[in-house]
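Undergrad: After the sequence you'll find the predicted model.
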There are 2 protein chains.
Amino acid sequence: MSGIREQKKQQTRKAIIDAAIGLFTEKGFEQTSMDELARAAGVGKGTIYGYFKAKEEIFLAYCEAEIDFAFAALDRKLDEEAPLVDQLVAQTMGQLTFVTGNREFGRLFAREMVFPGESSKLASRELDMRYLSKLGEVLGRSQQLGELPEDSDPLLLIAHLHAIYILVLSSFYRDDLTSMEDAEVLVRLLILQVLYGPAAVALANTEERKKWENLKLKFLEQREPKR
Amino acid sequence: MSGIREQKKQQTRKAIIDAAIGLFTEKGFEQTSMDELARAAGVGKGTIYGYFKAKEEIFLAYCEAEIDFAFAALDRKLDEEAPLVDQLVAQTMGQLTFVTGNREFGRLFAREMVFPGESSKLASRELDMRYLSKLGEVLGRSQQLGELPEDSDPLLLIAHLHAIYILVLSSFYRDDLTSMEDAEVLVRLLILQVLYGPAAVALANTEERKKWENLKLKFLEQREPKR
DNA sequence: GTAAAATCTCGACCGCAGTCGACTTTTTGG
DNA sequence: CCAAAAAGTCGACTGCGGTCGAGATTTTAC
């Protein structure tokens, strides 16, 4: 009745997450063992599993904290007056920069978000909601301004933009993209294509098209030689 | 000089892969232990690591065999006379059906292909080459037939189609899609959008649009209630 | 206040992927 | 042909994530 138990539980939970944030940030996720984490949190190892189903779930809790921060920063930078394409590119690149900031962290995070296991399904859904609704706002404003055809379907566009984001993230982890500039070129072209159809490359400026030609060369080169 | 060694090595390698195919197919990847695999292959556990860097690498070798089979089947079914959109949808759905045939296998496979670790980067690159060149052929034919604007960039289109494939795969693993019919609706609409711009939904027939409306509802429903 | 029930805590323990170094087999070179 | 070097094989061992059940702590019921 008194709720002593509930109180303690909150404390313990916090202790675990705090310890995780410290250790993961310091030594990385894979390099932190559960024994270590338990010791740092001042609880038995078994206790942790009363709060989290798996190590991976602690990782997601850790991510949430980081993401809150990153999203807030992104929001501040977004310019609502800029052209639609620029806003979308900025949003996508912002996410990308954050996720790939630490390569190993990013890969784990991407894997969990894009192909979640049973245990991370809920967490992943919650996280990408925010991202999707952000895009929804941008598109909504734009549609009202007449930048988009009236009969276009916002959700379908969002799906597509999400697809682009995942693709670029994947390209990064497959070493098809090696710099953020390259990534931005690809993102911009893909977004142009979605918004304006397959002839959209023509809309890019000369500078971008040159960069794109280089990117293509690099890509094909890496695959052609049958080795 | 005699090459006895080389010969034996090929044998051993084959024995390991064969054992893996048998066990993975029968009991699944995660349920098969390296000790078991070693016993089945008739070698010591340590020996396996002379042939493969990690369990995951054996998994990819296993995948290659499966994929060869699936691709051949797909090729036979593809109708070169069909409209571009139908061909692309068929190709994408074929892949999807294969990969998700076994849910757990598919998730592991997708994770390795889309966000490969250092050890699987090469294998993943080789595998998706075939898929990409397949799409390239289809698009090439189509461009010659004038179904596509002359100034569209095939590689960019391929990138986009790949993005769609990954997105739909992801949606499947996030339970946003629960049937292959749903998946096909989404794939078709996304492809239409890429080929003909954001107003393309209008190109779908009434039946598909109804299905899409249902899909959207289900999607939003699952996210709205703050629980 | 107390005894029974419910809940939480703990670390020894399990099964696993991957390593290591002692041992065996093949190749080399004189 | 033989001994030294190189290459390959092996399973006991290590460290890890996750489980389990005995015991401690809180809540409930009277």
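TA: Cool, got the structure. Numbering: from 1, shown residues only, chains lettered A, B, ... in the order given.
Undergrad: Got phi/psi on A:A204?
TA: With angles defined as degrees, to the nearest 10, A:A204 sits at phi -70, psi 160.
Undergrad: Need the per-residue pLDDT for it.
TA: The per-residue pLDDT reported for A:A204 equals 82.
Undergrad: Against B:R223, how distant is it?
TA: 34 Å (Cβ to Cβ, to the nearest Å). In this view, the C-beta of every residue, glycine as well, is placed from N, C-alpha and C.
Undergrad: same question, A:D75
TA: 20 Å.
Undergrad: Ok, A:R39 next?
TA: Counting by Cβ to Cβ, the gap from A:R39 to B:R223 is 39 Å.
Undergrad: picking up where we left off before, more neighbours: A:D75 and B:R223, which one.
TA: More crowded of A:D75 and B:R223, by other Cβ atoms under 10 Å in any protein chain shown: B:R223, with 15 against 11.
Undergrad: correct me, but the more buried one touches A:S124?
TA: No: contact criterion Cβ atoms under 8 Å: B:R223 and A:S124 do not qualify, at 11.9 Å.
Undergrad: near DNA strand D, which residues of chain A?
TA: A:1-6, A:8, A:30, A:32-35, A:45-46, A:49, A:54-56 (Cβ under 7 Å from any atom of the strand).
Undergrad: Just want the residue of chain A that's nearest DNA strand C.
TA: Taking Cβ to the nearest atom of the strand, DNA strand C has its nearest neighbour within chain A at A:G46, 1.7 Å off.
Undergrad: Run through the neighbouring helices and strands of the helix or strand encompassing that residue.
TA: Following DSSP states H and E, one finds A:G46 within helix A:45-51. For helix A:45-51, the elements it packs on are helix A:4-27, helix A:34-41, judged by 3 or more Cβ pairs under 8 Å, 6 or more residues apart in numbering or on different chains; DSSP states H and E.
Undergrad: What are the contacting residues of the last one?
TA: For helix A:34-41, the external contacting residues (Cβ atoms under 8 Å, 6 or more residues apart in numbering or on different chains) are A:12, A:15-16, A:18-20, A:22-23, A:44-45, A:47-48, A:55, A:58.
Undergrad: ok, stretch A:166-186 near chain B or not?
TA: Yes: shown here: stretch A:166-186 in contact with chain B (Cβ under 8 Å from any Cβ of the partner chain) through A:I166, A:L167, A:L169, A:S170, A:Y173, A:R174, A:D175, A:L186.
Undergrad: give me the element the closest residue to A:D176 other than its chain neighbours is part of.
TA: Of all residues not flanking A:D176 in the chain, A:F219 sits nearest, at 5.8 Å (Cβ to Cβ, 6 or more residues apart in numbering or on different chains). According to DSSP H and E, A:F219 maps onto helix A:206-223.
Undergrad: ok, the helix or strand bottoming out on mean pLDDT in chain A near chain B or not?
TA: The least trusted helix or strand in chain A, going by mean pLDDT, DSSP states H and E, turns out to be helix A:121-144, with a mean of 85. Yes: using Cβ under 8 Å from any Cβ, helix A:121-144 reaches chain B at A:K121, A:S124, A:R125, A:M129.
Undergrad: Restricting to C-alpha, output the helix or strand just after that helix in PDB.
TA: Tracing the chain past helix A:121-144, the next element assigned as helix or strand by DSSP H and E is helix A:154-173. What follows is helix A:154-173, C-alpha atoms only, in PDB (Å, rounded to 0.1, in the frame of the first residue of the first chain):
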ATOM      1  CA  PRO A 154       1.200  12.600 -48.000                       C
ATOM      2  CA  LEU A 155       1.600   9.200 -46.300                       C
ATOM      3  CA  LEU A 156       2.900   7.600 -49.500                       C
ATOM      4  CA  LEU A 157       5.400  10.400 -49.800                       C
ATOM      5  CA  ILE A 158       6.400   9.900 -46.200                       C
ATOM      6  CA  ALA A 159       6.900   6.300 -46.900                       C
ATOM      7  CA  HIS A 160       9.100   7.100 -49.800                       C
ATOM      8  CA  LEU A 161      11.200   9.600 -47.900                       C
ATOM      9  CA  HIS A 162      11.700   7.000 -45.200                       C
ATOM     10  CA  ALA A 163      12.800   4.600 -47.800                       C
ATOM     11  CA  ILE A 164      15.300   7.000 -49.100                       C
ATOM     12  CA  TYR A 165      16.600   7.600 -45.600                       C
ATOM     13  CA  ILE A 166      17.100   3.800 -45.000                       C
ATOM     14  CA  LEU A 167      18.700   3.400 -48.400                       C
ATOM     15  CA  VAL A 168      21.300   6.100 -47.800                       C
ATOM     16  CA  LEU A 169      22.000   4.700 -44.300                       C
ATOM     17  CA  SER A 170      22.500   1.300 -45.800                       C
ATOM     18  CA  SER A 171      24.800   2.700 -48.500                       C
ATOM     19  CA  PHE A 172      26.800   4.300 -45.800                       C
ATOM     20  CA  TYR A 173      27.300   1.000 -44.000                       C
END
